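Colleague: Quick one: sequence and predicted model below, then my questions.
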Amino acid sequence: MDFQLKSDQDLIHLYVAGNEAGLKELIRRYQAKIYTSIYLLVKDEYLAEDIFQDTFIKVINTLKAGRYNEEGKFLPWVIRIAHNLVIDHFRKEKRTPVINNGDDFDIFEVLGRYDESIEDRLVREQTYKDLKALIQLLPAEQKEVLIMRHYGDMSFKEIADITEVSINTALGRMRYALNNLRKMMQNKELSLKIDR
Amino acid sequence: MMDVFTNNLNSPVIDNEMKEADAIQNVGTDEMLFYNSIRADLQQIQIRPKAETVDRILQYSKNYAG
């Protein structure tokens, strides 16, 4: 039986019926997206490992208890669980992931304060195109939407529901995230051209 | 008097689908062009958890007693 050809729903059915290979394939299929989503939010690989594990423990408990809602898609459901665990973690730590001054946040306000150290790091590593580093600089709400949309394969409605905002707000945050990423990438390219 | 019936076009499912379609359209052409240009990079920066973590998850599942 080639599990890689099976749909998520078929794998879930197999797993609930007792075939552990169903879960193994689901993890293989989505582990990178889920782990990356968590890591980009918490910025700590050890913490991301813990949250990834706790996420799937919840997934297993729900599936085995027969409480999975088949109407939804598997990946967005798991991302939602992971997101809630990340939020729980930050509440316990009593800290927010990134400074946030609102949805019209200007990324260069942050870069201006830390410009020298970030500039040195990026130039030294010659990673002005390191998208991961630039994503980490985004405000939490914008990073969240980008991650859920791209890695979580979520609709804007799902994102809006999870983050408890309107669809328009979720959409606006996505636009700001993309615009800020583009500005940062353009700014780094311009800096390198001038330096040469 | 003839009664005229119209289909109710404002069902919740259709309404949500229309809102989603509007939202995607409103992201903006420039933003979507940029997003498409970085999609491959976003895929490339993905990282996986450690094999040990996955093994622990699978072991938990095997030992699940409800």
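Modeller: Ah, there it is.
Colleague: Could you look up the SS state of A:Leu134?
Modeller: Using DSSP: H, G, I helix; E, B strand; the rest coil, the structure places A:Leu134 in helix.
Colleague: Might you report the residue contacts of it?
Modeller: Contacts for A:Leu134 were tallied using C-beta atoms under 8 Å, 6 or more residues apart in numbering or on different chains; they are A:181, A:184-185. Backbone N, C-alpha and C define where each C-beta goes, glycine included.
Colleague: distance of it from B:Ser37?
Modeller: Distance, A:Leu134 to B:Ser37, by C-beta to C-beta, to the nearest Å: 14 Å.
Colleague: Tell me the confidence at A:Ile107?
Modeller: Note on A:Ile107: pLDDT of 56.
Colleague: A:Lys132 now?
Modeller: 85.
Colleague: Excluding chain neighbours, give the residue nearest to it in space.
Modeller: B:Ile45 (4.5 Å; C-beta to C-beta, 6 or more residues apart in numbering or on different chains).
Colleague: again, but for A:Asp54
Modeller: The spatially closest residue to A:Asp54, leaving aside those adjacent along the chain, is A:Leu85, at 5.6 Å (C-beta to C-beta, 6+ apart).
Colleague: Packing partners of the host helix or strand of that neighbour?
Modeller: Following DSSP states H and E, one finds A:Leu85 within helix A:74-93. Packing partners of helix A:74-93 (3 or more C-beta pairs under 8 Å, 6 or more residues apart in numbering or on different chains; DSSP states H and E): helix A:8-16, helix A:20-42, helix A:45-64, helix A:140-150, helix A:156-163.
Colleague: again, only this time at 6 Å
Modeller: Judged by 3 or more C-beta pairs under 6 Å, 6 or more residues apart in numbering or on different chains; DSSP states H and E, helix A:74-93 is in contact with helix A:20-42, helix A:45-64.
Colleague: and the longest one, anywhere near chain B?
Modeller: Meaning helix A:20-42. Yes - for helix A:20-42 and chain B, the contact criterion (C-beta under 6 Å from any C-beta of the partner chain) is met by A:23, A:27, A:31-32, A:35-36.
Colleague: Buried ones in that helix, by neighbour count?
Modeller: Of all the residues in helix A:20-42, those buried under the rule 16 or more other C-beta atoms under 10 Å in any protein chain shown are A:22-27, A:29-42.
Colleague: And the lowest mean pLDDT element among the helices and strands of chain A?
Modeller: None of the helices or strands of chain A scores lower by mean pLDDT, DSSP states H and E than helix A:107-125, at a mean of 52.
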